[in-house]
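Student: make a model of this:
(one chain, ligands or ions: 2)
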Amino acid sequence: MNAAGLLAALGRAAGGHGLAVAAADLPAADPPAADPPADQPWRGARAVALLRADGPRMWEAFRAAPEWADGAPDPLDRWSARIVAELAARFGARAAGPSDGPPHPPFLRWALLAEPAWPSALGMLVHAQEGLWASWRGALLFGAPLGAPPARRGARPCDDCARPCLRACPVGAFGAGGYDAEACARHVAGPEGGACRAGGCLARRACPVGRARAPGAEQAAFHMAAFLRARPHALSAAALGLPVRPCLAGRRTHS
Ligand code: SF4
Ligand code: SF4
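Tutor: Ligands and ions are numbered 1, 2, ... in the order given. All right, here's what the predicted structure looks like:
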């Protein structure tokens, strides 16, 4: 199978799981020399095919999978890892997941190569179709270039935008210092956080790009519950009315 045929077949197979494919060839010197010389399982890969949630179609596929109902922890991550591993085996690639490591695979760098996506005013990527809801469930790594066409890009949406996302968070969790995950978690866990818990992040919802791709109520509540389970201290502090120590070190967000 040639590279174009492989990508077409991969697109069909991934689409059956509600996943969209975006591929890019990687430079021969990937990862760049500036990357820390840690053990990087993706070193030597010459092409990457990202598997991105295709809006609500991924949620429907996940809900039909055994992981949804088996009662074990982290069902979406387990489903993603299983599907990505199956696709990797079928298409002769290595599988990578966003939570692998440390060191973590450079999904953001890969997305900037393969996807019509840009760094947003909030810090996370804004995707031409998915807006602030882009979610990469995994990647396939190939040892030879695939000749994938360049990602189609227009202007960065944030450059011509009144930036409602920066004003939508009730606790100003997106500031000059980055994303304040602890302030966010305290709000989401507290009595005022019902709108975020039920409908997902208000800052993301404020973005006009990809508004139709926002998660439904069930998916939003699922992600928020997972976000809070990872921060039990925020739950207990909010229940007691205690302040939570702000942490601006990370820019990772909750879904
Ligand atoms: S609301 Fe505007 S500034 Fe904010 S992420 Fe969306 S496009 Fe960018
Ligand atoms: S979920 Fe979004 S809007 Fe709600 S507190 Fe967190 S960052 Fe702010």
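Student: ok, H17 - how many residues close by?
Tutor: By other C-beta atoms under 10 Å, 24 other residues sit near H17. Heads up, the C-betas are built off the backbone N, CA and C, glycines and all.
Student: give me the distance between it and ligand 2.
Tutor: From H17 across to ligand 2, the span is 27 Å (C-beta to the nearest ligand atom, to the nearest Å).
Student: for that residue, what are phi and psi?
Tutor: Dihedral pair for H17: phi -110, psi 10, per degrees, to the nearest 10.
Student: again, but for D25
Tutor: For D25, the backbone dihedrals are phi -80, psi 150 (criterion: degrees, to the nearest 10).
Student: so for stretch 46-59, mean pLDDT?
Tutor: Computed over stretch 46-59, the mean pLDDT rounds to 95.
Student: again with stretch 119-138
Tutor: For stretch 119-138, mean pLDDT rounds to 96.
Student: mind listing what's buried in that stretch?
Tutor: Residues of stretch 119-138 classed as buried: 120-122, 124-138 (neighbour count, 16 or more other C-beta atoms under 10 Å).
Student: near ligand 2, list only the ones from these.
Tutor: Among the buried residues of stretch 119-138, no residue sits close to ligand 2 (C-beta under 6 Å from any ligand atom).
Student: so which of these are in strands?
Tutor: Of the positions in those, L125, V126, H127, W136, R137, G138 sit in strands, assigned by DSSP state E.
Student: bridging residues for the last one?
Tutor: Listed beta-bridge partners, G138: L51 (assigned using DSSP bridges).
Student: same check on the first one?
Tutor: Beta-bridge partners of L125, counted by DSSP bridges, are P119.
Student: how close does the residue in the stretch 1-150 of the chain that ligand 2 sits nearest to sit to ligand 1?
Tutor: Minimum separation of the stretch 1-150 of the chain from ligand 2 (C-beta to the nearest ligand atom) falls at L122, amounting to 8.6 Å. According to C-beta to the nearest ligand atom, L122 and ligand 1 sit 6 Å apart.
Student: for that residue, what are its contacts?
Tutor: L122 is in contact with L132, C165, L166, F174, Y179, A203, R204, counting by C-beta atoms under 8 Å, 6 or more residues apart in numbering.
Student: thank you kindly, that will do.
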